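Q: 3D, please:
(chains A, B, C and D)
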Number of protein chains: 2
Amino acid sequence: MTTIGGVSALTGVNIETIRYYERIGLVPKPPRTEGGRRAYADADAKRLRFIRRARDLGFSIDDIRTLLRLADSGGACKGAQEIAVRHRDDVRDKIKTLKRLDRTLTDAAAQCGRTTRGCPIIDTLVEGGLR
Amino acid sequence: MTTIGGVSALTGVNIETIRYYERIGLVPKPPRTEGGRRAYADADAKRLRFIRRARDLGFSIDDIRTLLRLADSGGACKGAQEIAVRHRDDVRDKIKTLKRLDRTLTDAAAQCGRTTRGCPIIDTLVEGGLR
DNA sequence: GGTAAGTCCTGTAGCCGCTACAGGAGCAAG
DNA sequence: CTTGCTCCTGTAGCGGCTACAGGACTTACC
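A: Now for the predicted structure:
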């Protein structure tokens, strides 16, 4: 049995975040000590590590809820795969958008050395050019 | 002089968003008609278009505040360039992070056809492998 | 002139995923 | 027995909107 500080250190999940996860029902309410403190078992640390890794991979809390259910019920790989692929596609879309931004910003900044009148960055925003 | 709906249509900025921008001081409070409605001039539409383009390029509200000041004071290209380059670097960092995610997710999903026991995606989250 | 539909007004609450307090209670070591 | 640490609950804030509720005004049509 560990306190919230201990399980936080073990899992890398912030104490406040653990309480937040409890509040939104992502992790179960642990039993309490006589003094009213949360007492966590090993399984809770496992669950929190799972959540942390899923968050690191960018899954939403809602997706994680589903992934946890799938992991608990065992074996439902197809559902997990669907969620992962959908998320990966979202990630790819974001990459595309950001690459376009990168190009626009780089182009505008590069003009800054070359032109004498006006500011290419300000102008991009005023005129909407370079898109 | 245009109403808020008109200027919203002209600029592509949502009516609620325009009022929000006014509340946070990003756009000046326009004069009102006798009936108490906001009356916008051409300059306001220009400013909103500027803001919309900057938001489309991913600049934060705070950056936009600075960019607007620079645009108003005219000519301060160096400051604008700094903001743009810093933002571009942020964008590049995000792209890198997302590409790593893409690879991890793609790898895990690809395993799903190939293995017979367990689920590679769930396992990735439980064990933290494939990072 | 009346009325119905459309646009606008203010103020407040919600979204996501935390994070940061305030103000107290419990607990371990010296 | 006091000091300092951890923990507790509850609430408010972040960014950047978005979505109401419950009115007031304006416009179009008869």
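
Q: Next, the angle from the longest helix along chain A to helix B:77-114.
A: In chain A, with assignment by DSSP state H, the single longest helix is helix A:77-114. Here helix A:77-114 runs at an angle of 160 degrees relative to helix B:77-114 (axes from the mean of the first three to the mean of the last three C-alpha atoms, to 10 degrees).

Q: Now do the buried residues in helix A:77-114.
A: For helix A:77-114, the buried set under the neighbour-count rule, 16 or more other C-beta atoms under 10 Å in any protein chain shown, comprises A:77, A:79-81, A:83-85, A:87-88, A:91-92, A:94-95, A:98, A:101-102, A:104-105, A:108-109, A:111-112. The way it works is simple: take the backbone N, C-alpha and C, and place the C-beta from them, glycine included.

Q: Next: stretch A:35-55.
A: In terms of neighbour count (16+ other C-beta under 10 Å), stretch A:35-55 has its buried residues at A:38, A:40, A:44-45, A:47-54.

Q: I'd like to know how many residues surround A:Glu34.
A: A total of 5 residues lie near A:Glu34 under the criterion other C-beta atoms under 10 Å in any protein chain shown.

Q: what's the burial count for A:Arg32?
A: 10.

Q: Settle this for me: it is touching A:Tyr40, isn't it.
A: No - using C-beta atoms under 8 Å as the test, A:Arg32 is too far from A:Tyr40 to be in contact (10.8 Å).

Q: Return the distance of stretch A:63-80 from the chain's centre.
A: 18 Å (C-alpha atoms, centre = their mean, to the nearest Å).

Q: Check stretch A:73-88 too.
A: With C-alpha atoms, centre = their mean as the basis, the mean position of stretch A:73-88 lies at 17 Å from the chain mean.

Q: how about it against chain B, any contact?
A: Yes - contact of stretch A:73-88 with chain B (C-beta under 8 Å from any C-beta of the partner chain) involves A:75-77, A:80-81, A:83-85, A:87-88.

Q: closest point of chain A to DNA strand C, which residue?
A: As assessed by C-beta to the nearest atom of the strand, DNA strand C sits closest to A:Gly35 within chain A, at 2.2 Å.

Q: and that residue, helix, strand or coil?
A: The local conformation at A:Gly35, judged by DSSP: H, G, I helix; E, B strand; the rest coil, is coil.

Q: What backbone torsions are found at it?
A: In terms of degrees, to the nearest 10, the main-chain angles of A:Gly35 are phi -80, psi 0.

Q: Kindly report the same for A:Leu57.
A: Taking degrees, to the nearest 10, you get phi -90, psi 0 for the backbone angles of A:Leu57.

Q: For chain A, give the residue positioned nearest to DNA strand D.
A: A:Gly5 (2.2 Å).

Q: ok so, going back, how close does the residue of chain A closest to DNA strand C get to A:Ser8?
A: 18 Å (C-beta to C-beta, to the nearest Å).

Q: Quick one: neighbours of A:Glu16, just the number.
A: 10.

Q: should've said A:Arg19
A: By other C-beta under 10 Å, the residues close to A:Arg19 number 12.

Q: Go ahead and confirm it touches A:Ile4.
A: Yes - the pair A:Arg19 / A:Ile4 is scored as a contact, 7.3 Å apart, by C-beta under 8 Å.
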